[in-house]
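Engineer: fold the following, please.
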Amino acid sequence: MNLSENHLEELRQAMEILENPGIVAKITNAIGQPLEKALEFLPKNVHEKIGTITEAALIKAADTAIFTMKDTPNTRPSNWWHKFGVAAFGAVGGFFGLPALTIELPVSTTIMLRSVVDIARSEGESIADPDVKLACLEVFALGGKSESDNASESGYFAARIALAQTMAEAARQFTTKTVADEGASVIVKLISKVAARFSVQVSEKVTAQAVPAIGAAGGAIVNTLFIDHFQAMAKGHFTVRRLEKIYGKETIRTTYEEMLRK
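Structural biologist: Now for the predicted structure:
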């Protein structure tokens, strides 16, 4: 089945978003120096701590956001309200630096996940569907990669394939349970895999906010760029999913990859 011209353009726009996130360049411009140089301000072993905090933040966000938002498909997302909330907590991170991460990241991640759910609903998704709930979490694995990835695993569909088996297992187990429930172990496993990719991008954010001169205003700007990144990933992801429902997954993937090669 051939895609209509409108749908081809939507897919092209989604592909450009999903394959060219550009978060590092945006943060570098915001702080006025390369992130590699900013790494000098981070304490040793901080990346391991960030990984632990990131996973805990995603678990808390999943319980708080996914299980509490109303199922209202095709409603307009409140992107600016979510940006404002994340910016406010980014100011805290910019002012207090790394010690504030355990407080700032769970709250910011919850707000970002609510924004992702909001965007999913705007694309016609039903948040009552377990598959959609998990697809919202999947967004945090997009636009980044884990340390074990190679170059061929950094693309959009490669990221989805890497999570596919765990996603399917989690969907079967995902009923009315919350992530903290004993029966939700596969969901926690999925979150761990997502966190491995998400933590790389969190490290970039924290690196920027650790610069002594960044201050509250700079922290707010970095966090605004951060949520803007994931709002874009969500828009691209749920556009692809919407088109997959119309034309089939194989048709959309084939067309997407053809566009990518041009």
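Engineer: number of residues surrounding His128?
Structural biologist: Actually, residue 128 is Ala. It isn't His. A total of 10 residues lie near Ala128 under the criterion other CB atoms under 10 Å. In this view, the C-beta of every residue, glycine as well, is placed from N, C-alpha and C.
Engineer: Ser122 now?
Structural biologist: Neighbour number of Ser122 under other CB under 10 Å is 19.
Engineer: and if you look at Ser4?
Structural biologist: 11.
Engineer: where do the helices sit along this structure?
Structural biologist: 5-19, 23-31, 35-38, 46-61, 79-96, 101-122, 130-138, 156-173, 185-209, 215-247, 249-261 (DSSP state H).
Engineer: can you show me the CA trace of the last one as CSV?
Structural biologist: What that stands for is helix 249-261. In CSV, the C-alpha atoms belonging to helix 249-261 read as follows (Å, rounded to 0.1, in the frame of the first residue of the first chain):
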residue,chain,number,x,y,z
LYS,A,249,4.5,-1.9,10.4
GLU,A,250,6.5,-3.4,7.5
THR,A,251,5.4,-0.8,5.0
ILE,A,252,6.2,2.1,7.3
ARG,A,253,9.6,0.7,8.3
THR,A,254,10.5,0.0,4.6
THR,A,255,9.4,3.5,3.5
TYR,A,256,11.2,5.1,6.5
GLU,A,257,14.5,3.3,5.7
GLU,A,258,14.2,4.3,2.1
MET,A,259,13.9,7.9,3.1
LEU,A,260,16.8,7.6,5.4
ARG,A,261,19.1,6.3,2.6
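Engineer: which elements pack onto it?
Structural biologist: Packing partners of helix 249-261 (3 or more CB pairs under 8 Å, 6 or more residues apart in numbering; DSSP states H and E): helix 5-19, helix 156-173, helix 215-247.
Engineer: any weak-confidence spans in the chain?
Structural biologist: Counting by pLDDT under 70, the chain contains low-confidence ranges at 33-44, 65-75, 78-80, 89-100, 144-154, 174-184, 210-217.
Engineer: what about 80?
Structural biologist: Where the chain drops to pLDDT under 80, the residues are 1, 21-48, 63-103, 143-154, 171-185, 206-220.
Engineer: deepest of the helices and strands packed on helix 249-261, which one?
Structural biologist: helix 215-247 (a mean of 21; mean count of other CB atoms under 10 Å).
Engineer: okay, the angle between that one and helix 101-122?
Structural biologist: Per axes from the mean of the first three to the mean of the last three CA atoms, to 10 degrees, the angle that helix 215-247 makes with helix 101-122 is 30 degrees.
Engineer: skipping adjacent residues, who's closest to the residue most central in space within the chain in space?
Structural biologist: Closest to where the C-alpha atoms of the chain average out (CA atoms, centre = their mean) is Phe140, at 2.4 Å. Sequence neighbours aside, Phe198 is the residue nearest to Phe140 in space, at 4.2 Å (criterion: CB to CB, 6 or more residues apart in numbering).
Engineer: so that neighbour touches Leu58, yeah?
Structural biologist: Yes - at 6.7 Å, Phe198 and Leu58 qualify as touching, with contact defined as CB atoms under 8 Å.
Engineer: in contact with Pro106, which residues are there?
Structural biologist: Ile53, Ala56, Ala57, Lys60, Ala61 (CB atoms under 8 Å, 6 or more residues apart in numbering).
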